Each structure stands twice: as structure tokens, then as C-alpha cells.
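**Q** Build me a model from this:
(one chain, ligands or ions: 1)
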Amino acid sequence: MKAVKKIAITGNIILPDEVLAGGVVLIEGGTIAGVFYNDNALPENDIEFRRCGDAWVAPGLIDVHLHGAAGREVMDASPEGLREIARHQARCGVTGFMPATLTAPIEGIRRTVQSIREAMDLPLESEILGVHLEGPFVSLARKGAQNPNYIKVVERADIDRLADAVSGLKTIITVAPEAGDNLSFISEMAGRGWVVSMGHTDATWQQGLLAIQAGVTHATHLFNAWREFQHREPGGIGAVMDSGDVYAELIPDGIHVHPSFLRLAIARKGKDRICLITDSLKVAGLPDGTYPWGELEIVLTGREVRLKSSGVLAGSVLRLNQGVKNIIDWTGCEVWEAVNMASLNPARNLGLDGRIGSIAQGKAANLAVFDKDFNVIETWLGGKLVSTFRG
Ligand SMILES: [Zn+2]
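**A** Residues are numbered from 1 along each chain as shown. The predicted structure follows:
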């Protein structure tokens, strides 16, 4: 029987609570076989060495909220498009992601979920972990760039049709609890195993706390498309801040949230309850210009994407590796803490941290190697090199 090839990647290994300078990650058969202080103990002749010098060797990043990239949009319901989006993710060091739908008729969302299932059967360069249903159960008052024509309150039949579509898939669902009877459906959604996320919401502090009591464990791009955070009525943001167990998404591009508020959220929530996301749109990776986006149009100028009609911010073109770098630069946190916010924390919130999310023996060999500025050098998925920028 032919032995499985072992691969040793050397570098500054980013573990969940420290950096192992000059360490080694040993890969065997798609999983991490071990982590070592140095390569003295490893027999050179049986192992292929990938020496990465003083580069960071990180767990593959995880993005639980993105809509597209490289000219492709999740709502186009194209498995081939999702494959292109996955390729873009691998080039950002992202080895797992949750494609996010947009506010649309339920039937369109169901079609998109079906295309996600089909894409999961394709060979992908980054793993699709499930689906993030963002809309249609959001607040008209806090719609952001969601299409208001299809925003609605939760009805029994919607839940059944969506449950049928996402059956067996990891699911995050964004809900504005204060709209209609939405609050009354939250415990049922959580009972189905969905991660219920408060977002695009005009909830007061009190309404936010009730939603969290009912089963909300996640907050969709905190600060963006929420009731203002005010000292007499802190709104849903205050409720999330006051609830230690709730995970908060942040878009760390410096455009959606001022770095001061990123620091505030991280200090209050704790470094193990932040999930960095990109919320990236199909224009990520494209040149400046005006592009069709469903029934709407978006304009990309530099790093900003706005709706053409209203000028409202609409998602980002952020790369998650850059987001990690920004958090290190703007908050002064340790490298592993910033990396956890884009790997271990989202994995834990999805219940996937037994398999992915950190560099540990027995987990999938999903790795991202970054240079000192967090540019991607190479990305590994299940022990296979899927993206490389080595000369
Ligand atoms: Zn979004």
C-alpha cells in the first residue's frame, strides 16, 4: 500500500492563543497530523517540506457573509458563478464561506439555495459551508441596500418553504425582530438549528434583548443598517453589546465602521465574539465603474460601493485578509486574536470548530500563508494547494 504523502509547512504558525515562531504544521491525508516547535524531530526523506521562512501560517479564513466577487453574484443562482466566487475567496486566504442571499421573492431565494447545493458538489477552491439568508425579513426603515420591493414580515408559509430549501445546510438567517410578528418566529428558527441573526433592524434596546432571549445568537454587520446607538436609547446595538454570548459581525474596511467603533465593539464584546466579514459584492476584484446588480445598479469608486439611485453604501470590495490586517493595525490586538475573529470564532458560532477554524491536530488542513503585510502567499484546502502567489 502506498503511504500517504506527508507535507510539512514551516513558518510562524498562528495558533488560537499564540504564535509558534519557526514552527511546523504537518499535513497527512488532508488533515493536520501535528504541530511541532521545529523540524528537528521530522525525518526529511519521508516528507515534502514547504519552507515559508518568517511568513505567517494561519488557519484558512472563514467569511460568513458575502454576496459575490469577480463579477459573479450569489443571487444569479449559478453554480459556475459560485465556483468563481470560491476561487476569489481562495485568493484572499479564505477556505470556507457562507454565500449570502439578498431580499428577493422567496422563490428566487429557494432557487439560489438550490444552486448553492449544486455548487457544493463541484470541485471548489474554497469550501461552501452553508447559506446566509439576508432578507427578506428585514426592516424597511433600515433596509440599507436591500431591495424594498421584496421586504416582508415572516409568515408561517415562508418558514416552511425556506426550511425545505435549506434542509441539511448550515444556515444563518438575518431577521429584524421588531417587524410584524417576526419576534414570535425566532425560537422556532433557532430550534431548527439555524443561527438566528439580528440585523437590518430598527429594534429598540428592549426589543433587541427580547430577540436575544428568544434565540438570536448573531448580529449582522453590527452598526450598519441598525437603529442609531444613542446614550438614552442604545437600540439593538446596545442589546448586542450587553449580551456576552451573541456573536457580532463587523466589516473592517474603515468605510462601513469607523476604527474607533471597531475598537469599542471588540472591547465590549470580547475578542472571541467578533466575526470579521467582507459583505463583498460582485464588483470585488473589478475596475471602477457602474454595474447592474439585480434590479438595481451599483457604482464602484476605489474601495467604496454605493447604490447608484440613492448613494447608500452597498456592501464592500474588501478582501478578508486585508480586513485581518486592518484589525491588527487599528486595534493593536495580537495577530492570533485578529485571525481568530476570521476563523475560529465564525467556526464556533456555526458549530464547525471541531473540524475547521484553527490549526490543531485532527482538523482539516485548511491553511493560509501570509506575508508580513497579510498578502496571500498560498492557500491550502484539505491538504491541497489551491492558490499560490509564489514566484
Ligand atoms: Zn450583506
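**Q** only C-alpha atoms for contact and neighbour calcs from this point on.
**A** Noted.
**Q** bridging residues for the residue nearest the centre of the chain?
**A** Residue closest to the average C-alpha location in the chain (C-alpha atoms, centre = their mean): residue 63, at 1.9 Å. Listed beta-bridge partners, residue 63: residue 97 (assigned using DSSP bridges).
**Q** Tell me which stretches of the protein form helices.
**A** Taking DSSP state H as the criterion, the chain carries its helices at 79-90, 106-120, 156-166, 182-191, 205-214, 235-241, 259-269, 320-331, 335-341, 344-349.
**Q** Which elements pack onto the shortest one?
**A** So the one you mean is helix 344-349. When contacts are defined as 3 or more C-alpha pairs under 8 Å, 6 or more residues apart in numbering; DSSP states H and E, helix 344-349 sits against strand 61-66, strand 274-276.
**Q** one more time with 10 Å
**A** strand 61-66, strand 216-219, strand 247-250, strand 274-276, helix 335-341 (3 or more C-alpha pairs under 10 Å, 6 or more residues apart in numbering; DSSP states H and E).
**Q** chain center to it, what's the gap?
**A** Offset of helix 344-349 from its chain centre (C-alpha atoms, centre = their mean, to the nearest Å): 10 Å.
**Q** ok, the residue nearest to the centre of the chain - contacts?
**A** Residues in contact with residue 63 (C-alpha atoms under 10 Å, 6 or more residues apart in numbering) are 89, 94-99, 128-129, 249, 275-280, 319-320, 341-343, 346-347.
**Q** Next one: residue 236 from residue 142, what distance?
**A** Using C-alpha to C-alpha, to the nearest Å, we find residue 236 at a distance of 12 Å from residue 142.
**Q** So between these two, which is more surrounded?
**A** Between residue 236 and residue 142, counting by other C-alpha atoms under 10 Å, residue 236 is the more crowded of the two (31 against 19).
**Q** Would you mind putting the helices and strands packed on helix 344-349 into JSON lines with distance to residue 162 and mean pLDDT alongside?
**A** Shown next, in JSON lines, are those (distance: least, C-alpha to C-alpha, whole Å; pLDDT from 0 to 100):
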{"stretch": "strand 61-66", "distance to residue 162": "18", "mean pLDDT": "98"}
{"stretch": "strand 216-219", "distance to residue 162": "18", "mean pLDDT": "98"}
{"stretch": "strand 247-250", "distance to residue 162": "23", "mean pLDDT": "98"}
{"stretch": "strand 274-276", "distance to residue 162": "25", "mean pLDDT": "98"}
{"stretch": "helix 335-341", "distance to residue 162": "29", "mean pLDDT": "98"}
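**Q** could I get these as a markdown table with distance to residue 7?
**A** Shown next, in a markdown table, are those (distance: least, C-alpha to C-alpha, whole Å):
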| stretch | distance to residue 7 |
| --- | --- |
| strand 61-66 | 20 |
| strand 216-219 | 37 |
| strand 247-250 | 34 |
| strand 274-276 | 30 |
| helix 335-341 | 23 |
